[in-house]
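Colleague: Sequence below, structure please.
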Amino acid sequence: MRSKIFLAGMMAGALLATPAFAQNLNIRGTIASFESSTLQIDSFDGRRVAVDVPADLRVATTKPFSLSEVKPGMKLGVTTVKAPDGRTIAIDVRPIAATASDGLSPWDLRPDSVMTNGIVEATVTSNNGPELVLNYKTGSVNVFVPPEATLSQAGPGSLSDLKAGETIFVAARKEGDKLVALRAQVSKDGIKPTQ
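Modeller: Below you'll find the predicted structure:
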C-alpha cells in the first residue's frame, strides 16, 4: 500500500514539475532591427516585441499574386469573415504548399476570422463578383473575393531579408519568458505579407 502511495506521489510531483505546453502566436509588424539573432518588431498593435531567431529559421519573401493565377486543383489558404447576409468573404488569399493540412481553423488576422486551407474546385463569376469554391476535405465553401481582399504568395528568402523597415509576419512559440521564431515571411519590393 505504501509503495502505491509513494508511486502516486512521485507521479504527481513529476506532473507539477512538467513545464506548461508551449504557446504559439502570430506577430505582425515592422522590423525595427535584427542583430545578434534577435529580431525587434514594432507590432501593429503598438508593442515592441523581441523574437529569438534560430540560425535555420525558414524565411520567405513576398511576391504578387492575382486571381487570374487561380486554377482548379490549386491549394489555397484563404482567410475569411462572415458578412451580415451570411456570405463568406475573403480578406486574404494565398497559394500554399500542396502538403499543407486541409481544414478550417480560427485565425487572428481580424476578429472572428477563419483560415480555410483547401483545394480550388472551381472559380465562379457571380453577380457580386468572383467566387472561389474551396474543398477543405470535410466540406466545401463558396468564398466571395472582393476587390479589397489582399493577395500575395511566398517567394524564396533568407535571414538576410530581415531588414529594418520591412513588414513581417512571424509565427513564434513562447518558451518561458522569450519568443522563438518558427517561420517568417517578410516584405520585398513593396509587396507585404498578409496572413
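
Colleague: and the host helix or strand of Gln185, what's its mean pLDDT?
Modeller: Applying DSSP states H and E as the criterion places Gln185 in strand 178-186. Averaging pLDDT along strand 178-186 yields 97.

Colleague: List the contacts of the closest residue to Pro95 other than its chain neighbours.
Modeller: Nearest residue to Pro95, sequence neighbours excluded (C-beta to C-beta, 6 or more residues apart in numbering): Gln153, at 5.1 Å. C-beta: built from backbone N, CA, C; applies to glycine. For Gln153, the contact set (C-beta atoms under 8 Å, 6 or more residues apart in numbering) comprises 62-65, 94-95.

Colleague: among the residues you listed, who's most crowded?
Modeller: Thr62 (27 neighbours; other C-beta atoms under 10 Å).

Colleague: distance of that one from Ala50?
Modeller: 23 Å (C-beta to C-beta, to the nearest Å).

Colleague: Thr138 too?
Modeller: Taken as C-beta to C-beta, the span from Thr138 to Ala50 is 39 Å.

Colleague: Among the two, which residue is more densely surrounded?
Modeller: Shown here are Thr138 and Ala50; by other C-beta under 10 Å, Ala50 has more neighbours (12 against 9).

Colleague: what domains does the record give for this structure?
Modeller: What automatic domain parsing lists as the domains of the chain is 23-62+154-186, 66-151.

Colleague: any weak-confidence spans in the protein?
Modeller: 1-22 (pLDDT under 70).

Colleague: Can you show me the strands along it?
Modeller: Listed in chain order, the strands of the chain (DSSP state E) span 23-35, 38-43, 48-52, 58-64, 75-82, 88-95, 103-107, 113-125, 130-135, 140-144, 150-156, 167-175, 178-186.

Colleague: can those go into TSV with extra columns for distance to Pro193?
Modeller: Converted to TSV, the strands of the chain look like this (distance: least, C-beta to C-beta, whole Å):
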stretch	distance to Pro193
strand 23-35	8
strand 38-43	12
strand 48-52	15
strand 58-64	5
strand 75-82	12
strand 88-95	9
strand 103-107	14
strand 113-125	14
strand 130-135	20
strand 140-144	20
strand 150-156	6
strand 167-175	4
strand 178-186	4
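
Colleague: So for Gln195, which of those sits nearest?
Modeller: With C-beta to C-beta as the measure, strand 167-175 is the member of the strands of the chain nearest Gln195 (4.7 Å).

Colleague: Would you mind writing the CA trace of the closest one as CSV?
Modeller: This file holds the C-alpha atoms of strand 167-175, laid out as CSV (Å, rounded to 0.1, in the frame of the first residue of the first chain):
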residue,chain,number,x,y,z
THR,A,167,6.9,44.4,-42.9
ILE,A,168,7.0,41.0,-41.4
PHE,A,169,4.7,38.1,-40.3
VAL,A,170,6.3,35.7,-37.7
ALA,A,171,4.8,32.5,-36.3
ALA,A,172,6.5,32.1,-32.9
ARG,A,173,6.5,29.9,-29.9
LYS,A,174,6.5,31.2,-26.3
GLU,A,175,9.2,29.4,-24.4
